[in-house]
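**Q** Make a model of this:
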Amino acid sequence: MSLSSDLLRGYTDTIILRRLAEGESYGYRINREITALSGGAFELKEATLYTAFRRLENAGWICSRWGDEESGARRRYYRMTPEGEEKLKKDCGTWRETRELLNRLLMEE
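**A** Coordinates of the predicted model:
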């Protein structure tokens, strides 16, 4: 399957928020979940992922904290804020409308 990188890039924030709707997590785990759920068709580059985290945090849609791991690398954990929940609802509604429109325009009857 060939996915449009432009289309996916436009939904990076929403994809991350959707993963965080399941609960607090950290970057590596979120990226593994995205890759697994897409069947390997979509994987965020590390720079893209952490740029998105900064953008989402600056907008107030997520917040973060440093973990207190006793072994291994220290992780930064992210969770969605109430404002992020509202943003996710809005974006998912927009996606449904977009999907319906594209289906009408592109699918054969």
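**Q** Doesn't residue 79 belong to a strand?
**A** Yes. Using DSSP: H, G, I helix; E, B strand; the rest coil, the assignment for residue 79 is a strand.
**Q** And the nearest residue to it once chain neighbours are set aside, how close does it get to residue 77?
**A** Nearest residue to residue 79 in three dimensions, chain neighbours excluded: residue 24, at 4.2 Å (C-beta to C-beta, 6 or more residues apart in numbering). For the C-beta atoms, the positions are set from N, CA and C on the backbone; glycine is no exception. The span separating residue 24 from residue 77 equals 5 Å under the rule C-beta to C-beta, to the nearest Å.
**Q** Now do the same contact list for the spatially most central residue of the chain.
**A** Central residue of the chain (C-alpha atoms, centre = their mean): residue 16, 1.5 Å from the mean position. Contact partners of residue 16, counting by C-beta atoms under 8 Å, 6 or more residues apart in numbering, are 30, 49, 52, 53, 56, 62.
**Q** try 10 Å this time
**A** Residues near residue 16 by C-beta atoms under 10 Å, 6 or more residues apart in numbering: 25, 27, 30-31, 34, 44, 49, 52-53, 55-56, 61-62, 78, 80, 84, 88.
**Q** Overlap in contacts, residue 24 and residue 77.
**A** 63, 64, 65, 67.
**Q** got the buried residues for the helix ranked longest in the chain?
**A** Under DSSP state H, the helix in the chain containing the largest number of residues is helix 82-106. The neighbour-count check on helix 82-106 (16 or more other C-beta atoms under 10 Å) flags 84, 87, 88, 91 as buried.
**Q** And stretch 11-24, by the same measure?
**A** 11, 12, 13, 14, 15, 16, 17, 18, 19, 20.
**Q** possible to save those as JSON lines with secondary structure?
**A** Listed next are the buried residues of stretch 11-24 as JSON lines, based on three-state DSSP:
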{"residue": "11", "secondary structure": "coil"}
{"residue": "12", "secondary structure": "helix"}
{"residue": "13", "secondary structure": "helix"}
{"residue": "14", "secondary structure": "helix"}
{"residue": "15", "secondary structure": "helix"}
{"residue": "16", "secondary structure": "helix"}
{"residue": "17", "secondary structure": "helix"}
{"residue": "18", "secondary structure": "helix"}
{"residue": "19", "secondary structure": "helix"}
{"residue": "20", "secondary structure": "helix"}
